[in-house]
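Undergrad: Sharing a model prediction with you, sequence too.
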Amino acid sequence: MKWIELKDIKKTYSGSPAVRELNLTIEEKQFVTLLGPSGCGKTTTLRIIAGLEEPDSGEIIVNGKIFFSREKGIYVPPEKRKLGLIFQSYALWPHMTVRKNISLALEQMRLPKDKIESIVKEVLNKVQLSEYIDRYPSELSGGQQQRVAVARMIAAKPSIFLMDEPLSNLDAMLRVDMRTELKRLHHELGSTTVYVTHDQVEALTLSDKIAVMDKGILKQVGTPEEIYKRPQDLFVARFVGSPRINCIEGNLATEGSGRYFKTGKIKIQIKNEAQSKMSTDSLIGTIRPEDIVVSKVEKPGWIKVNVFSVLPAGSETILSVKQDTINLSVKINGFTDIRMNESVWINIDPLKMNYYNKETGKLVFSYFS
Amino acid sequence: MREDYLVLTNLIKHFGKGSQRITAVDNVNIKVKEGELVTLLGPSGCGKTTTLRMIAGFEDPDEGDILIDSVKINSIPPNQRPTSLVFQNYALFPHMSVKDNISYGLKINHIDRNDIKRRTAEIINLVGLNGMENRSPAQLSGGQQQRVSLARSIVMEPKVLLLDEPLSNLDAKLRVSMRLEIRKIQQRVGITSIYVTHDQEEAMTLSDRVVIMNEGKVQQEGTPEEIYAHPVNLFVADFIGKANFLPAKVNRVYESKKVDVELFRKRLNILIPFEEWKFRVGSAVLVVIRPEGILVKARGKGDYNGTVKETVYLGSKIIYDIAIDSELITAEIPNPEESERFKVGDIVGVSFKEHSLHILPAEK
Amino acid sequence: MKIIITSLTYQDYDLRVVRGARLGAFTLYHYLRVFTGNLSYSLFVKPFINSLLVGFGVTVIAMILGSLLAWAIVRTDIPWKKFLDSVIVIPYMMPSWVIALAWIIIFKNNRIAGEEGMLTILFGITPPDWISYGLFPIIICLGLHYYSYSYLLISGALKTINSELEEAGSIAGLKKSAVLKKITFPIVLPALGSSFVLTFTRSMGTFGTPALLGLPVRFFNLPTQIYASINIRNMGDAYVLALILVVLAAVAIYINSRIVGVRKSFVTMAGKGFKNRYNRLGVWWYPIAIFIILFLIVVFLLPLVLIAWDTFMLLPGDYSVANLTTHFWVGESKYNIASGEPGIFKNPGIWNGVWNSVRLGILAALINGFLGLFIGYAVVRNRGTRLSKSLEAVSFASYVFPSIAMGAIYLGMFARPMGPIPALYGTFTLLVLIVVVKNMPFSSRTGISAMLQIDKSLEENARIQGIPWFKSFRKIIFPLTTSGFLSGMILTFITSMREFSLIILLVTPTTRVLTTIIFAYEDQEEIQHANGVTIILIFIIVFANFVVRKFFGNKSLTGLKES
């Protein structure tokens, strides 16, 4: 069931467009992430849904009710939208205790006192902060403040959860824990969630669907797997995945009976089903670092490369290898005895390649479907 | 290459008085070879920064000695020690140019003018700041500022270079590339270095050896691989990477080389990682298995059966939370193929890669 | 330091003076006289009540004006934001009684000698006494001056509020008015509290305006009563009244700290993700913008124009062209004009005053600048120790003393030699001393905040590279604090130049400064001279401020915001 519909949303700040003709539909109970670099318009989009910004044009419909429509002249102010929002700064009111921070919205709804009390206790219990009920925000650690912000949001039982980079102010370890926490919360409460982040790991981990944005344009909407395996353009391909996807510039060539993607000593076969789709000659081929296999001994048809850095990270090791002027990242599992400046041989799985038009950056062909 | 180039023996440092007294550094012994990069790794408050500051001379040890190149330096003031410190926040002089920041220390020490020129130029070239000599720090990016800071320390030609979380102020992407940068510069100069960080990935990537500290004590030291594969205790295992800890009982001991343990009603054969560790039949142990040491297969094809509770897709890998009996284990499958994917609620077969198994005595 | 400590221990000292004032024996004579004697009503009760009325009246007007302006300029989409933000504090740089001078020009009635005001002359309206003199004009004139304190403090606080806090209120379902009441207001409460204390203590201790507008109708408040007592050499009474002023100020500070002091500041909450978004004014855009412009004209341009114009009038009150003259600026002494006073540019007394004022300003600025820097360094580098805390407290001590009371105390302390210190009364040194001490709270705060911005590791790094302490202070700390240092200096310069209430009791004919010269002329009904000297004074202040801003950036008033 459609829950949030954004139609032709446009927003301009003093002449420069922040969001351009954005169309996005979010289903009920879905967890959707707006992913992109800073300044891509993701936060503006979120604030438009919340009603904190008024778009220049377009329409917003939530659960059948029009929240905003330029043509019909409708604008529902944020306090009437019954949404929940977690700010990047948490925006906890510094002059109020944790209890008061949570209960303010409930008092506004004129709930009876004992009801408010029990809701406050319940949500604090849910975020495991019961004993901090009478503290002030400044007396809490960053992680605890974050959880108070979560509690404050869920207490009012909003129809939509909006979250603006809620984890970006936490340190790495805590971020991972809170990620799990948010995912569990979404499972438990099943509320429709719009989540803004620039961290692709967060997006992949949490989302049912990811909407990738750049410069105010919605680039691609899809499941984490679609986004990762079949990025619609080079921007998405480069933005998602760490280490960054390998991009190889090359040309199509025919050798014998086969068609190949070639550059320097690198030669990758193009399967039959792909050949008809390749309309242009100059392409950029991409391959994920984990789709390149390394060998310390020479194997027929493999490409000889020079290792110029080895970065172990425990469960995996990232190699940077060089073939002439082409640099490639390779991900291997566990530790390795390959050392800097050694020569090794690599193999690129032709079926894992995606091909993009060099001019437009758009996807030409992907084996993944 | 001299062994025992930097030696810390029985270092102890207390802070506070009376009941408030905290032992920040508790009997620390570390030996560093010439040209080696050793990382002090641990959570905040573990004593790593205090140890570093004692080497730099900003703190005096209560007990113990610090030797560099066989010379005891305990009582030498910081400005006369053969060490140099790179700060977390770079500590560049904002009113001086890049070049002046780098050469200021040389000028103060009355080095010959031509010498200063040559050394400064060399170092600017080494850290890749050519063309930025006359900029002021405010005009540089975070990464470039850190290079200036590094250059400023190296130009003094210290015997030991100390680095205090030098990358923690940079954003995530830059941090990764600067790790490599620092490592390369360190290897090219061949300078003995002590690197303090709380980021285990950084420690893994950079170091020849890692010293893990907690509550003022050294927990373990070794190469990144040794520590990852054979942590000596729960703290180290948990701090470095992710791990599953499964309680089990020892069934049989083979000449203190191997043990059989019983886990989920099946026997597992595990190597004893350290000779000095003794196990008795019947004693409680923890089986440690990293998420990537677990194989997930179709139902019935593994050693155990479990139920998938959660799946997380990360592109290059997929993470499953699987319940076996009452235990929840996390498995990480690199580069998943279509055919091997499972959904929440599926019953799957689970096996452990034998060489990934590690054993710890159960802690009380 | 010693001086401040001495001023702290003043109460004992004052008791001794009171006792010794008659026959050198112990006596409560003055206290009895002031509080219970026959004269108590006119000597104490009435001035006391008047002082309270002035204090509260001014504070209310100043705070309403200041906070409305601050809100409009910081939190709305009003046009010319930057311009307004810098222009609106200009009245702060002018002496507080400039508006009072302008008031007299417009509203003067025939109650006292001299020509009547513009209103009577041009429109034939004779304003009643309560408009021309006394409580009402005093409150209005001071309110129009002191709003700048509230503006600076409250706009500073508003700038640090993350607008996400207010947005979170909207999301929680609060209406705009509820957001203002439940979120914005409580967060700026500490700033409101400090501007209350600052405005209240200042307006209680100010002398110029009450003297100009009050004395002609025998309206006395505590400062003018102290002045009157000292003029008739009744020191004992003066000290008791000064003491009462100090107690009043202390009570205000205490109440403030009880009400808002618990969670002193919320500023630290900002952190990452800080955003400041403007409220849209919509239809109010024009009225509010026009109001602010009009307001600036009334408090800033109008008084200056009136005062300047007045100086070119041969006979006060005659607005015809034929009456214009430059005599008061460049004329030689003439027996039939202005009691034979020569024009301002040819008047050695005035030149001496200019020299004294500038000298006082520069000396105080230098001393305060360096002291502030060193105190800042000592306080910041020893953070957390008792030394640091007491140093900070001591440098703030003079905050408690209303200006005129402090002047009276110094008069008592330095009228006679004290131990190794000779009798300083009548010397220029005493003026410098009291101005420096009075400005200490601001300059030390400027110093502390400048030092806080320098990370300790900069110094540690210098040490590691073998640079000795003094050299690292000179070469690294000092250059980095230049802007804070200069802003502290210009602030001190401005306040010392326009200082009046503080030094009126301590000035003797040889140490006259511009402000006391103005007062003397006004007292003798030499209106054109008074106004002319005022123009000179303002010109010097504005010029000095302009020079500093031009060469060192626009930072001169940041020191005040820190307080």
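TA: Perfect, I can see it now. Residues are numbered from 1 along each chain as shown, chains lettered A, B, ... in the order given.
Undergrad: buried residues in stretch A:185-203?
TA: A:185-186, A:191-203 (16 or more other C-beta atoms under 10 Å in any protein chain shown). All C-beta atoms are positioned from the backbone trio N, CA, C, and that covers glycine.
Undergrad: cool, stretch B:204-220 as well?
TA: Buried residues in stretch B:204-220, counted by 16+ other C-beta under 10 Å: B:204-214, B:216, B:218-220.
Undergrad: Off-centre distance for that stretch?
TA: 5 Å (C-alpha atoms, centre = their mean, to the nearest Å).
Undergrad: re earlier: taking the buried residues of stretch A:185-203 one by one, which sit in helices?
TA: Judged by DSSP state H, these include A:L185, A:H186, A:Q200, A:V201, A:E202, A:A203 as members of helices.
Undergrad: Helices - which of the buried residues of stretch B:204-220 land there?
TA: Cross-referencing these against helices under DSSP H gives B:M204, B:T205, B:L206.
Undergrad: which residue ranges form the helices in the stretch 1-150 of chain B?
TA: Secondary structure of the stretch 1-150 of chain B (DSSP state H, counting those that start in this stretch): helices at B:48-56, B:98-108, B:113-126, B:142-154.
Undergrad: export the ones you listed to TSV and tack on mean neighbour count and mean pLDDT?
TA: Shown next, in TSV, are those (neighbours: other C-beta atoms under 10 Å in any protein chain shown; pLDDT from 0 to 100):
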stretch	mean neighbour count	mean pLDDT
helix B:48-56	24	92
helix B:98-108	21	85
helix B:113-126	16	90
helix B:142-154	23	88
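Undergrad: Chain C: which of these is closest?
TA: helix B:98-108 (3.5 Å; C-beta to the nearest C-beta).
Undergrad: can the closest one be found next to chain C?
TA: Yes: applying C-beta under 8 Å from any C-beta of the partner chain, one finds helix B:98-108 touching chain C at B:Y104, B:G105, B:I108.
Undergrad: ok, of the residues you listed, which one's closest to chain A?
TA: Among the residues of helix B:98-108 next to chain C, and counting by C-beta to the nearest C-beta, the member closest to chain A is B:G105, at 30.4 Å.
Undergrad: Looks like that closest one contacts B:I154 (just checking).
TA: No: contact between B:G105 and B:I154 fails when scored by C-beta atoms under 8 Å: they sit 10.7 Å apart.
Undergrad: and C:H529, how many neighbours?
TA: 27 (other C-beta atoms under 10 Å in any protein chain shown).
Undergrad: List the residues that contact A:I346.
TA: A:I292, A:V293, A:V294, A:S295, A:W302, A:I303, A:V305, A:V321, A:L328, A:V330 (C-beta atoms under 8 Å, 6 or more residues apart in numbering or on different chains).
Undergrad: Identify the farthest-apart pair in those residues.
TA: Farthest apart among the contacts of A:I346 by C-beta to C-beta are A:S295 and A:L328. That separation is 14.5 Å.
Undergrad: ok, the two, which is more surrounded?
TA: Using other C-beta under 10 Å, the more surrounded residue of A:S295 and A:L328 is A:L328, with 21 against 12.
Undergrad: roughly how far apart are the more buried one and A:K299?
TA: Going from A:L328 to A:K299 by C-beta to C-beta, to the nearest Å gives 17 Å.
Undergrad: same deal with C:G426?
TA: Distance, C:G426 to A:K299, using C-beta to C-beta: 102 Å.
Undergrad: who's more crowded, these two?
TA: Neighbour totals were compared for C:G426 and A:K299, and C:G426 leads with 16 against 11 (other C-beta under 10 Å).
Undergrad: Helix, strand, or coil at whatever residue of the stretch 101-250 of chain A ends up closest to chain B?
TA: Using C-beta to the nearest C-beta, the single residue of the stretch 101-250 of chain A nearest to chain B is A:Y228, 3.7 Å away. Three-state assignment for A:Y228 (DSSP: H, G, I helix; E, B strand; the rest coil): helix.
Undergrad: Could you pull up the contacting residues of it?
TA: Applying C-beta under 8 Å, 6+ apart, we find A:Y228 in contact with A:L204, A:V240, A:G241, B:Y313, B:G315.
Undergrad: Restricted to helices, list those.
TA: A:L204.
Undergrad: Which of the contacts of A:Y228 sits closest to B:I324?
TA: For the contacts of A:Y228, the residue nearest B:I324 by C-beta to C-beta is B:Y313; the value is 21.9 Å.
Undergrad: State the pLDDT value of the nearest residue to the closest one once chain neighbours are set aside.
TA: With C-beta to C-beta, 6 or more residues apart in numbering or on different chains as the criterion, B:Y313 has its nearest non-adjacent residue at 4.8 Å, and that residue is A:P224. In this prediction, A:P224 carries a pLDDT score of 94.
Undergrad: so how many other residues sit close to A:P224?
TA: 22.
Undergrad: again, but for the one 10 residues further on
TA: Counted with other C-beta under 10 Å, the burial measure for A:L234 works out to 20 neighbours.
Undergrad: In which helix or strand does A:Y355 reside?
TA: strand A:354-357 (DSSP states H and E).
Undergrad: residues contacting the residue in the stretch 101-250 of chain C positioned nearest to chain A?
TA: Of all residues in the stretch 101-250 of chain C, C:A172 sits closest to chain A, at 3.5 Å by C-beta to the nearest C-beta. Contacts for C:A172 (C-beta under 8 Å, 6+ apart) come out as A:E79, A:L104, A:A105, A:Q108, A:R152, A:A156.
Undergrad: And for C:V358?
TA: Here C:V358 is in contact with C:M497, C:I540 (criterion: C-beta under 8 Å, 6+ apart).
Undergrad: same thing with C:S96?
TA: By C-beta under 8 Å, 6+ apart, the neighbours of C:S96 are C:C141, C:L142, C:H145, C:Y146, C:T206, C:G208, C:T209, C:R498, C:F500.
Undergrad: So for it, what's the nearest residue that isn't a sequence neighbour?
TA: In space, and not counting its chain neighbours, C:S96 is closest to C:H145: 4.5 Å by C-beta to C-beta, 6+ apart.
Undergrad: before we move on, what about B:K107?
TA: Closest residue to B:K107 apart from its sequence neighbours, by C-beta to C-beta, 6+ apart: B:I116 at 6.4 Å.
Undergrad: That neighbour against B:L106, yeah?
TA: Yes: using C-beta under 8 Å, B:I116 makes contact with B:L106 at a distance of 4.6 Å.
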